[in-house]
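Chemist: Coordinates for the following, if possible.
(2 chains)
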Amino acid sequence: MSINHCCASNCQPVALADIPVLAGEAFEQELAAQLRSGCQLSTLFGQARTAQTVRLYAVTGETTTATLRVFATDVSDRYPSLTPACPAAHWFEREIAEQWGVKPEGHPWLKPIRFHPSYCAGRDAWDRKPGEAIAPGVTDYFRVAGQQVHEVAVGPVHAGIIEPGHFRFQCLGEQVFHLEIELGYQHRGIERRLVGGPDKRTIGSMETLAGDTTIGHSTAYCQAIEALAGRAASLRAQALRAVALELERLANHTGDLGALAVDIGFLPTSAYCGRLRGDFLNTSAVLCGSRFGRGLVRPGGVAFDVDQQRSEEVQSRVDATFRDVAGAVNLLWHSPSVMARFDGTGTVPRAVCDELGMVGLAARACGVDRDVRRDFPAGFFRFAQLPVSTWHTGDVFARAYVRWLEVQRSARFVVEQLRGLPRGDVRRDLGPLQPESLVVSLVEGWRGEICHVAITDGDGRFAHYKVVDPSFRNWIGLAMALRNEPISDFPVCNKSFNLSYCGHDL
Amino acid sequence: MFPILAERLRQGHRTLPFPAGEPPKIPDRFRGLPVIDAANCSDGCRRCAAACPTDAVTILDGKPRLDMGRCLFCSECANGCPDGGIAFTSDYRLASRTRDGLRVDEHAFQRAEALDAQARRLFGRSLHLRQVSAGGCNACEADINVLSTVVFDLGRFGIQIVASPRHADGLIVTGPVTENMHLALQKTYEATPSPKIVIAVGACAISGGPFAGHPEQHNGVDSVIPVDLYIPGCPPHPLTILDGLLRLLGRIPPAGR
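Modeler: Residues are numbered from 1 along each chain as shown, chains lettered A, B, ... in the order given. From the prediction side, this is the model:
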């Protein structure tokens, strides 16, 4: 029997030589078989090997055994699309086409996702000429035709303090038949800049991949290079990272519950949660001086330790803030006018969620029992677990309620971990990174699964670095949630996902 | 109804007395205004400049100079300095009217001055701003957003974020200005009626920040449109932003606090 994939656990490096490079057909069959058996596609990405060849890597995860499977194939300028057999590959294949000028033939909706020139000189998946201007958002859109069907276009600049993106609704009266989301306005070219690293700017790039997920992304990065350096952070540092990650979740979930209340005009909860989100951010600032956790997570550990007094201050702040959040949020569930607006709004069917490979709280709100912290534990989550929170209805209510369940669990977790922090140092020096290796680092950020993949060259420098923010996987879920909804429900549906534009655009 | 009223009583009054009243409490690990004491510098040591991820620290005549417009406030320079030549204080008042004003050496930097009398007459009691995120990571955006919460209550100063450039007196811009937002920013600027002001918030909007030099972006707002107020930080603390806005409008006296 031939070997079709190599196995690793979260943050366990594998030698590039051990990753099987399959023929095109075998690659597709392997991916389809794994997804059928319940594995999830964590990432599918390309790396240029020669001027002509691009190597595609697939990483899938099997939750029952906490195993990640890695396999590859080489393609030239075209290959048969994987999306018809594996719909979860659809957005990844659009990214591969845009970055490397490779055509996945038979892809049902092959369009750019970030609107930049191809990284392979002279190759373009849409046969645009070299030097031809690429205007963001200028592309074919799915159109619904017919009498009284109309189109609503929104963005890139939105009506509030929101990142840019373009939304195109096909409507009949109030009813949305289809929503198409075009992004790429925030594209800053981060992945390309990481090649050749790590260097002194790398950690800053990681902290700003998605500013509201500073701890999530910086932890994913640091775990990846610590694995490649063969030197884990101390347990104390890992525990402090876990505390910071849950504080980040608390702040964002609280803010989102308030924002959901804004969009249905329920002002008490919105006013309180706006303030309480800030109280959680200020608690992160007690740890490291930055409300967003900037400067805390560093390769080899964390840059700031906590003494008894600081630990107690953080605990008492979390306790006090949590009590006020409970008061503010429980108003939602006991107000019939709120429940009438949340219930049954923006439903994503479970089958759609599974097929498209949605992640994180949006997937857990469809009843998917999956969470990196439990399924692929790394760092301190190997020793301290949180129960996984799910709800089964897939609507705005479910996405709100799962947030509330997670707020309760994270608040308790933070206090418990701070009470029993392991002793020891908080930062260690890292040596050189293992050459010719690949490591997958998964972290359950507040939106969902963050996936980083680092590939090193012969000198232990990054030959390639892949970042998958959970938003990359979930934007299509928002589009699905809007099917047949009134267009006036878009804001509340959008807030119930609260996806990152820059995390997607990189 | 009664539970809602009871909760309202329980949550209490939460608005900061700022800018009057007690100075707000800033966390002890907060990294604000850098101070440079070049007298301590050993000769020829360039460790601060070498440690800086964004080239915010340069050595001029053997002495370090720190450009807050590039600074991520990560304090790697201070950590790298063996002589204590650079330190970050908890002073959150960092805004400046000019790009040069953000450069800190041994002398005090140029804290933001108010608009001229005519502009103050126009905007001083009512300033409507349109926010454009042009590649911002959502941290600066979040800390502008927070000014509208009950804690800071921006509305009491007559400052409001509005939903159209046609309703605005100016723009408040975040992000390094990505190539893909270049045109949208220009169009938004042109759609804002004159006279108008532009405020750049965060290291990205001032210099490109951690993305400076990437070909996918434009190294900050003033490469595209003129800027009237620079608010440094990565991201700036909400009080840094509010302090900058109020100084611009002459609502905090130049010598004040």
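
Chemist: Tell me which residues are up against the longest strand along chain B.
Modeler: Identified as the longest strand of chain B according to DSSP state E is strand B:127-133. Outside of strand B:127-133, the residues within contact range by CB atoms under 8 Å, 6 or more residues apart in numbering or on different chains are A:157, A:160-164, A:186, A:501, B:140-141, B:144, B:158-165, B:167-175, B:181, B:184-185, B:188, B:192, B:199, B:245, B:249. From N, CA and C alone the C-beta is placed, and that goes for glycine too.

Chemist: Next, see if the helix or strand following it gets close to chain A.
Modeler: Per DSSP states H and E, the first helix or strand lying C-terminal to strand B:127-133 is helix B:139-145. Yes - with CB under 8 Å from any CB of the partner chain as the criterion, chain A is reached by helix B:139-145 at B:139-145.

Chemist: Against which helices or strands is helix B:139-145 packed?
Modeler: In terms of contacts (3 or more CB pairs under 8 Å, 6 or more residues apart in numbering or on different chains; DSSP states H and E), helix B:139-145 is packed against strand B:127-133, strand B:170-174, helix B:238-248.

Chemist: residues near B:F2, how many?
Modeler: Using other CB atoms under 10 Å in any protein chain shown, B:F2 has 6 neighbouring residues.

Chemist: Need phi/psi at it.
Modeler: Main-chain dihedrals, B:F2, degrees, to the nearest 10: phi -70, psi -40.

Chemist: so how far is A:P268 from it?
Modeler: For B:F2, the distance to A:P268 equals 13 Å [CB to CB, to the nearest Å].

Chemist: Could I get the full set of helices for the stretch 301-450 of chain A?
Modeler: Ranges of helices in the stretch 301-450 of chain A, per DSSP state H, counting those that start in this stretch, are A:308-333, A:336-342, A:350-356, A:360-364, A:372-375, A:396-419.

Chemist: Just give the closest residue to residue 37, not the sequence neighbours.
Modeler: All of this is about chain A. Distances taken as CB to CB, 6 or more residues apart in numbering or on different chains place A:E62 nearest to A:S37, at 7.8 Å, with adjacent residues excluded.

Chemist: meant chain B actually
Modeler: Here the residue nearest B:D37, using CB to CB, 6+ apart, is B:G85, at 5.7 Å.

Chemist: Pull the number of nearby residues for the one you found.
Modeler: B:G85: 22 surrounding residues under other CB under 10 Å.

Chemist: Kindly report the same for the one 10 residues further on.
Modeler: Residues within reach of B:A95, counting by other CB under 10 Å, total 29.

Chemist: swap in the one 3 residues further on?
Modeler: A total of 14 residues lie near B:T98 under the criterion other CB under 10 Å.

Chemist: Show the pLDDT at it.
Modeler: As predicted, B:T98 sits at a pLDDT of 94.

Chemist: Assign a three-state SS to it, would you?
Modeler: What DSSP: H, G, I helix; E, B strand; the rest coil gives for B:T98 is coil.

Chemist: separation between it and chain A?
Modeler: 25 Å (CB to the nearest CB, to the nearest Å).

Chemist: so what's that residue up against?
Modeler: Going by CB under 8 Å, 6+ apart, the list of residues near B:T98 reads B:110, B:230.

Chemist: re earlier: between the longest strand of chain B and strand B:170-174, how big is the angle?
Modeler: Relative orientation of strand B:127-133 versus strand B:170-174 (axes from the mean of the first three to the mean of the last three CA atoms, to 10 degrees): 30 degrees.

Chemist: any weak-confidence spans in chain B?
Modeler: B:255-257 (pLDDT under 70).

Chemist: longest helix of it?
Modeler: Using DSSP state H, we find that the single longest helix of chain B is helix B:179-191.

Chemist: with the residues of helix B:139-145 next to chain A in mind, which one is nearest to chain A?
Modeler: Among these, B:A139 lies closest to chain A (CB to the nearest CB), at 3.0 Å.

Chemist: Report the contact partners of that closest one.
Modeler: B:A139 sits next to A:208, A:211-212, A:214, A:292, A:294, B:202, B:234-235 when contact means CB under 8 Å, 6+ apart.

Chemist: Near B:Y230, how many other residues are there?
Modeler: B:Y230: 28 neighbours (other CB under 10 Å).

Chemist: any idea which helix or strand carries it?
Modeler: Assigned by DSSP H and E, B:Y230 belongs to strand B:229-231.

Chemist: Need the residues that contact that strand.
Modeler: When contacts are defined by CB under 8 Å, 6+ apart, strand B:229-231 is touched by residues B:69, B:94-99, B:101-102, B:112, B:197-202, B:206, B:240-241, B:244-245, B:248.
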